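>>> Sequence first, predicted coordinates after that:
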Amino acid sequence: MIGIFDSGIGGLTVLKEIKRLLPFYDLVYFGDTARVPYGNRSSALINQYAQEDANFLIKMGAKIIVVACNTVSAVALENLRNNFPVPIFGVIQPALRAALQVTKSGRIGVIATRATISSNAFTKELKVLNLHGKENITDSNINVPAFVRRQQQIKKTADQKIKIFYQIAPLLVPLIEENYIYKSEAVKIIKQYLQPLKKEQIDTLILGCTHYPIIYDLISAKMKNAKIINPALQVAKELKDFLLSNPDIDRSLSKRKQIRYFVSDLTPHLNDIAKNFMGQNINLEKVEIT
Ligand code: DGL
């Protein structure tokens, strides 16, 4: 079983892509809806929550964990990898790798939550990619030929000067959850967030928060000169590559097309948001994880 977690239900955008690319695999999702948002919290608390979330998935039988949350990927990924003996995927490196492949000018923009931006994760990961050429997704010995191959392509781009421009966009999460995003006030806010990045003439924009792919069209319409990177799609592709390169791990995963969705708090409104994210009704189950 593949475990996927997020601070809330934004990570369903990641699950959706994984389900599309790996349709037979059993998946278990956990959204920490009782404690969302993580994006404005301290690093200590984000780390604590992330451990508890991952622990729940491991108890449920997850053999791989996908951290479908940019904030947790930015702040707590290393600790998770040190504490859990399974491959753990974050969303930052896959997004960055994709951005490095498409950027021509080397000017890459990122919109994300406050915690993700202040962690400086994208700049740090850029250094890791340049230095080591690949990501350590786990401490155990696992083949990563697909990553290495992709890395060789990236190397060409990484040699040119890469500059990353950040923009905190904290209002987008509640606007998306309230389905308020197409109202003129919301469109104005999006425009304001994107303006500084436009001014910097970025040619690539990473949607550095799990909720943002929901408004992909709105953002790409406002950023006509930039390629938009959806990390959800990238991490699903890398997970698929990884399973192809690691048949032993692949064989250990159950493939009965079963998906369970757990949340730590459940309201009727949450069901509506989940439907909006998935494009269909899903059965959310409430669970206590602490
Ligand atoms: N899931 C978070 C992220 O991708 C956004 C919501 C939050 O702040 O918890 O950064």
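Sure, I can see it. Residues are numbered from 1 along each chain as shown.
>>> okay, and for this protein, where does confidence drop off?
131-160 (pLDDT under 70).
>>> now the strands for it?
Secondary structure of the chain (DSSP state E): strands at 2-6, 27-31, 64-67, 88-89, 107-112, 163-168, 204-208, 227-229, 259-263, 284-286.
>>> To Ser252, which of these lies closest?
Closest of the strands of the chain to Ser252 is strand 64-67, at 9.1 Å (criterion: C-beta to C-beta). To be clear about C-beta, it is placed using only N, CA and C from the backbone, and glycine gets the same treatment.
>>> Adding distance to the ligand and mean neighbour count, write the strands of the chain out as TSV.
Shown next, in TSV, are the strands of the chain (distance: least, C-beta to the nearest ligand atom, whole Å; neighbours: other C-beta atoms under 10 Å):
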stretch	distance to the ligand	mean neighbour count
strand 2-6	5	27
strand 27-31	9	25
strand 64-67	9	27
strand 88-89	14	24
strand 107-112	6	26
strand 163-168	11	18
strand 204-208	7	27
strand 227-229	14	21
strand 259-263	13	19
strand 284-286	16	15
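>>> closest one to Tyr49 among the ones you listed?
strand 2-6 (9.6 Å).
>>> C-alpha coordinates for that closest one, PDB please?
Provided in PDB are the C-alpha atoms of strand 2-6 (Å, rounded to 0.1, in the frame of the first residue of the first chain):
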ATOM      1  CA  ILE A   2       1.200   3.500  -0.800                       C
ATOM      2  CA  GLY A   3       0.500   6.100   1.900                       C
ATOM      3  CA  ILE A   4       0.000   9.700   1.100                       C
ATOM      4  CA  PHE A   5      -0.500  12.500   3.600                       C
ATOM      5  CA  ASP A   6      -1.100  16.200   3.700                       C
END
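>>> Show me what from the stretch 151-290 of the chain comes close to the ligand.
Proximity of the stretch 151-290 of the chain to the ligand (C-beta under 6 Å from any ligand atom) is limited to residues 173, 209-211.
>>> ok, and the most crowded of the residues you listed?
Thr210 (33 neighbours; other C-beta atoms under 10 Å).
>>> So for it, what's the nearest residue that isn't a sequence neighbour?
Gly10 (3.4 Å; C-beta to C-beta, 6 or more residues apart in numbering).
>>> State the number of residues packed around the one you found.
With neighbours defined by other C-beta under 10 Å, the count for Gly10 comes to 28.
>>> Kindly report the same for Lys240.
What Lys240 shows, counting by other C-beta under 10 Å, is a neighbour count of 17.
>>> correct me, but it touches Leu21?
Yes. Taking C-beta atoms under 8 Å as the definition, Lys240 is a contact partner of Leu21 at 5.0 Å.
>>> Let me see the contact set for the closest residue to the ligand within the chain.
Ranked by C-beta to the nearest ligand atom, the top residue of the chain for proximity to the ligand is Gly39, at 2.6 Å. Contacts for Gly39 (C-beta atoms under 8 Å, 6 or more residues apart in numbering) come out as 7, 71, 112-116, 170, 173, 209.
>>> make it 6 Å
Residues near Gly39 by C-beta atoms under 6 Å, 6 or more residues apart in numbering: 71, 113-115.
>>> Next, format those residues as a markdown table and append neighbour count and distance to Ile273.
Compiled in a markdown table, those are given as follows (neighbours: other C-beta atoms under 10 Å; distance: C-beta to C-beta, whole Å):
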| residue | neighbour count | distance to Ile273 |
| --- | --- | --- |
| Thr71 | 33 | 18 |
| Thr113 | 27 | 17 |
| Arg114 | 15 | 21 |
| Ala115 | 26 | 21 |
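>>> Need the max-distance pair from those residues.
Thr71 and Arg114 (8.7 Å).
>>> Can you pull up the most central residue in this structure?
Nearest residue to the geometric centre of the chain (C-alpha atoms, centre = their mean): Val91, 3.7 Å.
>>> residues touching that residue, list them.
70, 73, 231, 235 are the contacts of Val91 under C-beta under 6 Å, 6+ apart.
>>> Name the residues of the stretch 1-150 of the chain found near the ligand, please.
So far as C-beta under 6 Å from any ligand atom goes, the stretch 1-150 of the chain lies against the ligand at 6-8, 10, 36-39, 69-71, 113, 116.
>>> From the contacts of Val91, list the buried ones, please.
70, 73, 231, 235 (16 or more other C-beta atoms under 10 Å).
>>> any chance of those in JSON lines, plus distance to Pro268?
Shown next, in JSON lines, are these (distance: C-beta to C-beta, whole Å):
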{"residue": "Asn70", "distance to Pro268": "27"}
{"residue": "Ser73", "distance to Pro268": "30"}
{"residue": "Pro231", "distance to Pro268": "29"}
{"residue": "Val235", "distance to Pro268": "30"}
